[in-house]
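Colleague: the sequence and its predicted three-dimensional model are supplied below.
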Amino acid sequence: GMKGSRVQSIIRELRGEKIDIIEYSDDLVTFAQSALAPAKITRVSVTHQGETPHLDVIVEDEQLSLAIGKRGQNVRLASELIGSRIDIKSESDVKDEVADALARMLQNAMSQIPAAPKQADVLSAPGIGAEVANRLQEAGYGDVEALADAEPETLLALEVEDFDREQAEALVAWAKELREQRMANLDIGPFRAPEAAPAAGTSMADEDFMAALSRAFAESEHQRSSNVAAAAAMLGGDEPAEETEEVPSEEKES
């Protein structure tokens with residue numbers, strides 16, 4: 001009504017009982033945003049499990065208490081209103097979960113890196129005698145990594161007896177192939193590149209959130225590269241469908 005006259009008359013009849021008017025929407029995310037207002041929603045993930053949808057709602061840290069309400073009253077009422085289960089988390093909680101998940105992935109990847117063999121790889125190279133292998137080992141070419149990075153001319157310059165160009169080229173090729181095979185067998189984990197920057201029009205909170213996630217994935221990629229390098233050095237020695245929607249920064253008026 002004009003200037004809230006209709007609502008005010010009802011409030012008087014109810015002896016001052018507070019009334020919230022929420023705009024209905026067929027879109028579940030929009031309806032949830034209205035039901036949880038005035039709390040500002042950053043992101044909503046909708047998971048369909050059976051007949052009851054499940055909403056994972058992310059809000060700014062300072063909005064968490066407002067969204068949940070006293071003893072969870074707000075989120076319970078909103079859940080009953082839209083007919084869905086609602087779980088609310090702060091951005092900090094989500095970032096911590098991402099960091100923990102990445103840490104577990106890295107730990108799992110590192111646990112799968114095979115231990116370095118006790119015997120120098122050059123001793124097991126085909127066509128290389130023990131005396132030649134020992135000379136190469138003394139010169140610093142006793143492992144696969146060093147041999148794979150070497151040039152045949154470099155090995156020939158050592159002037160090892162009974163070691164010719166054909167053997168040098170074959171030894172370098174063997175080391176490179178062995179290193180590639182070993183690195184291909186490493187399971188570093190299902191890492192993904194950082195997501196693209198959020199589209200224009202998203203709120204600053206969305207940009208901060210996505211930037212944090214991008215940094216987390218970027219750091220994981222950097223750590224992955226370090227793990228691969230470490231692995232190479234060691235070897236040298238020898239659920240339901242999910243829909244995610246970004247919520248516009250502008251809140252709908254109640």
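Modeller: Everything's here; your move.

Colleague: low-confidence ranges, the stretch 151-254 of the chain, go.
Modeller: Within the stretch 151-254 of the chain, the ranges that satisfy pLDDT under 70 run 185-254.

Colleague: do the stretch 1-150 of the chain as well
Modeller: For the stretch 1-150 of the chain (pLDDT under 70), the answer is 1, 112-121.

Colleague: which stretches of it form strands?
Modeller: 41-49, 52-59, 85-90 (DSSP state E, counting those that start in this stretch).

Colleague: check which helices and strands the longest one sits against.
Modeller: In other words, strand 41-49. helix 28-36, strand 52-59, helix 204-236, strand 242-246 (3 or more Cβ pairs under 8 Å, 6 or more residues apart in numbering; DSSP states H and E). The C-beta positions use only the backbone N, C-alpha and C, and glycine is treated the same way.

Colleague: buried ones in it?
Modeller: Within strand 41-49, the residues scored as buried using 16 or more other Cβ atoms under 10 Å are 41-44, 46-47.

Colleague: from those residues, which two are the most distant?
Modeller: Within the buried residues of strand 41-49, 42 and 47 form the most distant pair, 17.3 Å apart (Cβ to Cβ).

Colleague: tell me how far the nearest residue to residue 31 once chain neighbours are set aside lies from residue 88.
Modeller: Distances taken as Cβ to Cβ, 6 or more residues apart in numbering put residue 25 closest to residue 31, at 4.5 Å, once the chain neighbours are dropped. With distances taken as Cβ to Cβ, to the nearest Å, residue 25 is found 19 Å from residue 88.

Colleague: before I go, just wanted to say thanks for your time.
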